[in-house]
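In: Any chance you can model this:
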Amino acid sequence: MVALIEEGRSRRSVANEYHVSEKCVRNIYKRYLETGQYAHRPRTGRPRSTSAREDRNNTRIALRTPFAMASTISREVRSVLNAPISSRTVQRRLQAYGLRSCKPATGPVLSRQHKVARLNFERTYAMWTVTEWSRILFTDESRFSLQDPDGRVRVWRRRGERYNQQNFVQRSNFFGGSKMVWGGIQYDAKTELHICQRPSVNADIYITDILQDHVMPFAPFVGAEFILQQDNARPHVAASTKAFLGEVGIRTMNWPACSPDLNPIEHVWDMLGRRLRNRNLQPNSLLELSNALIEEWGTIAQDDIRSLIQSMPERCSAVIAARGGNTKY
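Out: From the prediction side, this is the model:
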């Protein structure tokens with residue numbers, strides 16, 4: 001800008017060329033005439049409470065203890081530097097280094113034995129392709145409530161109006177009641193959604209109502225290479241259940257415990273829950289809830305299920321990369 005002005009250009013033309021105001025160009029040229037420099041003049045104000053080296057140290061503390069609050073980091077820094085530094089300053093410094101305070105990812109508690117079992121499972125099936133995974137019937141139970149406490153409800157209000165009556169979310173005990181369901185997904189089809197009539201499932205109910213009524217009729221659809229996937233819930237691993245599966249000749253996978261991220265049907269339950277919440281008419285009774293679940297289960301596209309099953313090789317690779325730990329799935 002200074003060079004263009006000294007060449008005889010007008011300040012307005014220079015401002016238009018750099019998309020700034022004419023006053024900005026005038027101030028820049030005035031500063032150059034007074035100081036002979038292009039840099040900003042020293043500004044007044046409170047000096048920085050931390051240096052660049054101390055800011056890097058704060059970043060290392062945050063990365064070393066990612067669940068530490070900004071107030072905790074500020075106290076630790078004050079004890080070392082013997083200088084006042086607020087938690088808000090710590091937040092600004094961390095944001096400048098690309099760190100943000102975010103909601104953490106959640107996952108089951110995995111012990112060393114769990115991680116070893118998950119690694120052994122993934123190494124066993126790491127070479128499987130989608131063709132092998134398409135022979136598996138992935139099954140699971142889930143529970144849906146009349147009032148789904150998903151934590152996504154928000155309210156627009158003014159300051160001090162938190163306890164106004166119109167700002168309350170009224171919830172009944174046990175969220176108005178719930179229904180447990182069972183379902184299974186396979187590459188080319190899905191089973192009927194079974195609504196459990198009792199609040200819990202034992203081995204006898206699992207054998208008569210689920211294995212006999214749903215799994216056995218579905219097995220011929222896949223063929224002789226059919227394999228049943230089920231988790232390690234007590235009804236699934238009971239001695240009577242194992243004996244029945246052996247009698248009817250249904251093979252099962254040796255599924256590792258605490259591994260919902262490996263079962264693609266968990267994402268189908270999430271789809272079903274979202275579809276239920278997005279219904280124009282929400283169910284008001286357990287009978288209406290059961291009918292709505294069956295209806296929405298039938299609308300889940302098979303292409304979406306195929307996409308989930310096609311992700312099984314990536315899930316195996318993710319578990320191996322995490323050394324048996326939790327994954328993004």
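In: where do the strands sit along the stretch 51-200 of the chain?
Out: 136-145, 178-185, 194-195 (DSSP state E, counting those that start in this stretch).
In: Present those as CSV; the columns should include distance to Gly45, mean neighbour count and mean pLDDT.
Out: C-beta here means a position set from N, CA and C on the backbone, and glycine is covered the same way. What follows is these, written out as CSV (distance: least, C-beta to C-beta, whole Å; neighbours: other C-beta atoms under 10 Å; pLDDT from 0 to 100):
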stretch, distance to Gly45, mean neighbour count, mean pLDDT
strand 136-145, 55, 21, 93
strand 178-185, 58, 21, 92
strand 194-195, 67, 18, 94
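In: so can I have CSV of these showing distance to Thr89?
Out: Converted to CSV, the strands of the stretch 51-200 of the chain look like this (distance: least, C-beta to C-beta, whole Å):
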stretch, distance to Thr89
strand 136-145, 44
strand 178-185, 47
strand 194-195, 56
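In: looking at these, which is closest to Val169?
Out: Of all the strands of the stretch 51-200 of the chain, it is strand 136-145 that lies closest to Val169, at 14.1 Å by C-beta to C-beta.
In: how about the CA coordinates for the closest one, as PDB?
Out: Only the C-alpha atoms of strand 136-145 are listed here, as PDB (Å, rounded to 0.1, in the frame of the first residue of the first chain):
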ATOM      1  CA  ILE A 136     -24.100 -64.500   9.600                       C
ATOM      2  CA  LEU A 137     -27.300 -63.700  11.300                       C
ATOM      3  CA  PHE A 138     -26.500 -60.800  13.700                       C
ATOM      4  CA  THR A 139     -29.000 -60.800  16.600                       C
ATOM      5  CA  ASP A 140     -29.600 -58.800  19.800                       C
ATOM      6  CA  GLU A 141     -32.200 -57.600  22.200                       C
ATOM      7  CA  SER A 142     -33.000 -54.000  22.900                       C
ATOM      8  CA  ARG A 143     -35.500 -52.000  25.000                       C
ATOM      9  CA  PHE A 144     -37.600 -49.100  23.900                       C
ATOM     10  CA  SER A 145     -39.500 -46.800  26.200                       C
END
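In: What part of the chain, helix or strand, is modelled with the least confidence?
Out: Ranked by mean pLDDT, DSSP states H and E, the weakest helix or strand in the chain is helix 70-81, scoring a mean of 81.
In: quick one: it to chain centroid distance?
Out: The chain centroid and the centroid of helix 70-81 are separated by 31 Å, computed with C-alpha atoms, centre = their mean, to the nearest Å.
In: Enumerate every residue touching the residue nearest the centre of the chain.
Out: For the chain, the residue sitting closest to the mean C-alpha position, by C-alpha atoms, centre = their mean, is Ala105 at 5.8 Å. The contact partners of Ala105, by C-beta atoms under 8 Å, 6 or more residues apart in numbering, come to Asn326, Lys328.
In: before we move on, what about Leu94?
Out: Contacts of Leu94 by C-beta under 8 Å, 6+ apart are Asn58, Thr59, Ala62, Ala70, Arg100.
In: Val215 versus the fourth one, what's the distance?
Out: Read that as Ala70. 52 Å (C-beta to C-beta, to the nearest Å).
In: Please say which of those two ends up with more neighbours.
Out: Shown here are Ala70 and Val215; by other C-beta atoms under 10 Å, Val215 has more neighbours (22 against 19).
In: mind pulling up the phi and psi values for the spatially closest residue to that one that is not a sequence neighbour?
Out: Leaving aside its sequence neighbours, Val215 sits nearest to Leu228 (C-beta to C-beta, 6 or more residues apart in numbering; 6.1 Å). Dihedral pair for Leu228: phi -100, psi 130, per degrees, to the nearest 10.
In: Now do the contacts for Leu228.
Out: Leu228 neighbours (C-beta under 8 Å, 6+ apart): Ile136, Leu137, Thr139, Val215, Ala219, Leu245, Ile250, Arg251, Thr252, Met253.
In: Which residue, neighbours along the chain excluded, lies closest to the third one?
Out: Looking back up the chat, that one is Thr139. In space, and not counting its chain neighbours, Thr139 is closest to Gly184: 4.1 Å by C-beta to C-beta, 6+ apart.
In: Tell me which residues are up against stretch 64-75.
Out: In contact with stretch 64-75 (C-beta under 8 Å, 6+ apart) are residues 58, 61-62, 85-91, 94, 101, 104.
In: which intervals of the stretch 1-150 of the chain have sub-threshold pLDDT?
Out: Within the stretch 1-150 of the chain, the set of residues satisfying pLDDT under 70 comprises 81, 83, 148-150.
In: What of the stretch 151-300 of the chain?
Out: 151-153, 170-176.
In: So what are the structural domains in this structure, by residue number?
Out: 2-35, 52-96, 112-149+174-321 (automatic domain parsing).
In: wait, isn't the residue nearest to Thr139 in contact with Ile136?
Out: No: using C-beta atoms under 8 Å, Gly184 makes no contact with Ile136, being 9.7 Å away.
In: Could you check how far Arg162 is from Lys103?
Out: 22 Å.
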